[in-house]
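In: Structure of the sequence below:
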Amino acid sequence: MTTEAIKVRTYGNWRRPRKAGLGSFGLIGTVGIFGGLVVVLLASLVSLQAALVVAAPILVLVGPLAIRTQDGRNVYNVLALRIGWSRRRANRQHLYVSGPLSARPGGHFRPPGLLSRVRMLEGRDPYDRPFGVLHHRHRNLYTVVLGCEPDGGSLVDPDQVDIWVAMWGDWLARLSHEPGLRGASVVVETAPDPGTRLATEVLTRISPDAPPAARAVMEEVVETYPAASSEMNTYVTLTYGMAGGDRRDPAEILTELALRLPGLLAGLVEAGGGAAEPLSAERIAEVVRVAYDPDVAADVLDIRARHGGTGLRWSDAGPSAAVETVNAYQHDSGVSRSWLLTLAPRGTVRSSVLRSLLEPSPAIRRKRVALLYRPIDPATSARMVEADRRAAQFMATSTRGMVRARAASEVQAAEQTASEEASGAGLVEFSMVVTVTVDSVAEIADANVTVRNLLGSARLGMRPADRMQAAAFSCGLPVGILPWEQTMIPHELQEAL
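Out: Just a heads-up that it's a prediction; the model follows:
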């Protein structure tokens, strides 16, 4: 008899790129230090007092760049966040009211904040299916939303899971070759099942001649089953920056996007996405409407089941009222709080590392986990991995003791990344936004404990998106909001800070 060892497949080797510069100063801080040192040396030729007078403001300006929080933000980042929140409160921009009795033009319930300037377009794909396109006019970006029904991980062979992961990695790698693609996201939304779909499927199929006992059993199933079940929806968004988009005809852009959909959908199916199809403009509006007002979820499902659609438009998908506070976002019938990723799981993990976070939680009304991806083009990827490799080698040769052992591990990981990139693998930056919605402000404390426990089992480091809860809520929706495209400071300059 022979005993075969069962090898468990693990994944990992994601790492935060090292920033150029001296220590925690960053590139701009390092340039400021050496430039200030030159100025101080020149001033010292005049007198010692002149050198001290010149050095004092340089230290005041450059010093805050070296003081960083646990998630990597410096003093200027924290001050900018607090000042921005104070200005929004002073201008009452943290309050939102819409509808016929509000001061909003048109009397509609338009989505607020980052979605206020978004308009909806709709086209037809090669299979004559309608698909909605969100046009972010202030950035001239176009977002396509795809709906998926992924296959579950239960009773699936490990080899099949490994194939799905490999195909998903291949799909992400191909995004870097997608013309004009600025970013993508995967949003997994879970909520208690209201039982509307089950009631529609069962009660409408009961025969009038059915025995009373059989009818009673089916009615009891419809009444009791939803209490122990939940619904899970998965969406994939792709956001494009079309060349000459502001001068091109919208019909031409819709045609170009429609031609790309079949290949993208086929890749999702191969990666375990199940039945994948583009969402129509009406379906996108329904998803956003339910996110802002969870109480209407059952009504939306019921109307769609009875009439085939709700007729909801994008201009009426927002809340009637919303209030942003420091640590929460109140909107219609829900109160939400969001968390931002600060540290990915260290070391290697298994394919089920996020299962507890993605599964429904009984104490939470609705929960959305949004994975944000920023594909990097091959030329930039090569430069990044090579710079990271050189930085890791420098740290390994200039450290000692236990720190040197960790630096040697960093070198090994950097070498593996460089080897995989040279063989054709893609490089993708990723982040995560977790949003939970409860019924009242009093339940936020319990939601904090629940999320903290879920993050511990998933080995994730996250921080609350305090003072920017409304923006984080919008980024967690399947509407294609890319955080790095919404900042006033260019992404490259932020990386240098």
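
In: Let me see the residues that make contact with stretch 444-458.
Out: The contact list for stretch 444-458, computed with Cβ atoms under 8 Å, 6 or more residues apart in numbering, reads 327-328, 335, 337, 339, 345, 353-354, 356-357, 361, 363-364, 434, 436, 438, 461-462. For glycine as for every other residue, the C-beta is placed from the backbone atoms N, C-alpha and C.

In: again, 7 Å this time
Out: 328, 335, 337, 339, 353-354, 356-357, 361, 363-364, 434, 436, 438, 462 (Cβ atoms under 7 Å, 6 or more residues apart in numbering).

In: now stretch 220-240, how far from the chain's geometric center?
Out: In terms of Cα atoms, centre = their mean, to the nearest Å, the centre of stretch 220-240 is found 20 Å from the chain centre.

In: Sorry, wrong one. I was asking about stretch 466-479.
Out: So, by Cα atoms, centre = their mean, the centroid of stretch 466-479 is 9 Å from its chain's centroid.

In: Would you mind measuring the gap between the ends of it?
Out: 22 Å (Cα to Cα, to the nearest Å).

In: Could you give the average pLDDT over that stretch?
Out: What stretch 466-479 shows for mean pLDDT is 95.

In: ok so, going back, top of the contacts of stretch 444-458 by number of neighbours, please.
Out: Highest neighbour count within the contacts of stretch 444-458: Val436, with 26 neighbours (other Cβ atoms under 10 Å).

In: That one: what's it in contact with?
Out: So Val436 contacts Ser336, Arg337, Ile364, Lys367, Ala447, Val451 (Cβ under 7 Å, 6+ apart).

In: now do Leu312
Out: Glu282, Ala285, Glu286, Arg289.

In: Considering those residues, which is situated nearest to Ala213?
Out: For the contacts of Leu312, the residue nearest Ala213 by Cβ to Cβ is Glu286; the value is 38.0 Å.

In: So for the helix or strand harbouring Ser338, what gets flagged as buried?
Out: Under the criterion of DSSP states H and E, Ser338 resides in strand 334-343. Neighbour counts over strand 334-343 (16 or more other Cβ atoms under 10 Å) mark Gly334, Val335, Ser336, Arg337, Ser338, Trp339, Leu340, Leu341, Thr342 as buried.

In: Equivalent analysis for stretch 439-447, please.
Out: Glu443, Ile444, Ala447.

In: List the ones among these that fall in helices.
Out: Ile444, Ala447 (DSSP state H).

In: what ranges do the strands span in the protein?
Out: Here the chain has its strands, by DSSP state E, at 95-97, 118-124, 130-136, 141-148, 181-192, 230-240, 277-278, 321-324, 329-331, 334-343, 366-376, 427-438, 461-464.

In: any idea how far Ile481 is from Ser320?
Out: Counting by Cβ to Cβ, to the nearest Å, the separation of Ile481 from Ser320 is 21 Å.

In: Just give me the neighbour total for the closest residue to Ala425 other than its chain neighbours.
Out: The shortest distance from Ala425 to any non-neighbouring residue, by Cβ to Cβ, 6 or more residues apart in numbering, is to Ala173 (6.0 Å). Other residues within reach of Ala173, judged by other Cβ under 10 Å, total 18.

In: And Ala173, how far from Leu341?
Out: Distance from Ala173 to Leu341, counting by Cβ to Cβ: 21 Å.

In: With His108 instead?
Out: Per Cβ to Cβ, His108 is found 34 Å from Leu341.

In: got it, and Arg306?
Out: For Arg306, the distance to Leu341 equals 40 Å [Cβ to Cβ].

In: repeat for Leu101
Out: Using Cβ to Cβ, Leu101 is found at 40 Å from Leu341.

In: what's Ala363 sitting at in phi/psi?
Out: Backbone torsions for Ala363, taken as degrees, to the nearest 10, come to phi -80, psi 0.

In: who are the neighbours in contact with it?
Out: Applying Cβ under 7 Å, 6+ apart to Ala363 gives the contacts Asp446, Thr450.

In: Quick check, pLDDT for it.
Out: What the model reports as pLDDT for Ala363 is 80.

In: What of Ile6?
Out: At Ile6, pLDDT is 48.

In: heads up, I number from 254, so please use that
Out: Fine by me, first position is 254 from now on; the one you just mentioned is Ile259.

In: Tell me, how many residues neighbour Ile546?
Out: Actually, residue 546 is Asp. It isn't Ile. 20.

In: Then Leu428?
Out: Neighbour tally, Leu428, other Cβ under 10 Å: 19.

In: Tell me the confidence at it?
Out: pLDDT, read off for Leu428, is 90.

In: Out of the contacts of Val689, the closest to Ala661 would be?
Out: Using Cβ to Cβ, these come closest to Ala661 at Val704, 35.4 Å.

In: Look up how far Pro613 lies from the closest one.
Out: 13 Å.

In: So which of these two has more stuff around it?
Out: Using other Cβ under 10 Å, the more surrounded residue of Val704 and Pro613 is Val704, with 22 against 16.

In: Pass me the low-pLDDT residue ranges in the stretch 554-703 of the chain, would you?
Out: 648-649, 651-660 (pLDDT under 70).

In: Point out where the stretch 254-403 of the chain drops to low pLDDT.
Out: Residues of the stretch 254-403 of the chain that meet the cut-off, pLDDT under 70, sit at 254-260, 270-274, 276.

In: do that again at 80, thanks
Out: Counting by pLDDT under 80, the stretch 254-403 of the chain contains low-confidence residues at 254-262, 265-266, 268-280, 282, 323-325, 358.

In: All the helices of the stretch 504-653 of the chain, residue numbers only.
Out: 534-545, 550-560, 608-611, 631-650 (DSSP state H, counting those that start in this stretch).

In: And for Tyr329, the neighbour number?
Out: Neighbours of Tyr329 using other Cβ under 10 Å come to 13.

In: what's the answer for Gly285, then?
Out: For Gly285, the count of nearby residues is 18 (other Cβ under 10 Å).

In: thinking again about what came up before, just the helices of the stretch 504-653 of the chain: most buried one?
Out: Of all those, helix 534-545 has the most neighbours on average by mean count of other Cβ atoms under 10 Å, namely a mean of 23.

In: which secondary structure elements does that helix contact?
Out: With contacts taken as 3 or more Cβ pairs under 7 Å, 6 or more residues apart in numbering; DSSP states H and E, helix 534-545 sits against helix 550-560.

In: The helix it packs on to strand 619-629, inter-axis angle?
Out: 80 degrees (axes from the mean of the first three to the mean of the last three Cα atoms, to 10 degrees).

In: which strands and helices sit next to helix 550-560?
Out: In this structure, helix 550-560 packs against helix 449-456, helix 534-545, with contacts taken as 3+ Cβ pairs under 7 Å, 6+ apart.

In: my read: Ser589 touches Thr690, true?
Out: Yes - contact criterion Cβ atoms under 7 Å: Ser589 and Thr690 qualify, at 4.5 Å.

In: Reformat the contacts of Val689 as JSON lines; add distance to Ser568.
Out: Converted to JSON lines, the contacts of Val689 look like this (distance: Cβ to Cβ, whole Å):
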{"residue": "Ser589", "distance to Ser568": "22"}
{"residue": "Arg590", "distance to Ser568": "27"}
{"residue": "Ile617", "distance to Ser568": "29"}
{"residue": "Lys620", "distance to Ser568": "27"}
{"residue": "Ala700", "distance to Ser568": "31"}
{"residue": "Val704", "distance to Ser568": "33"}
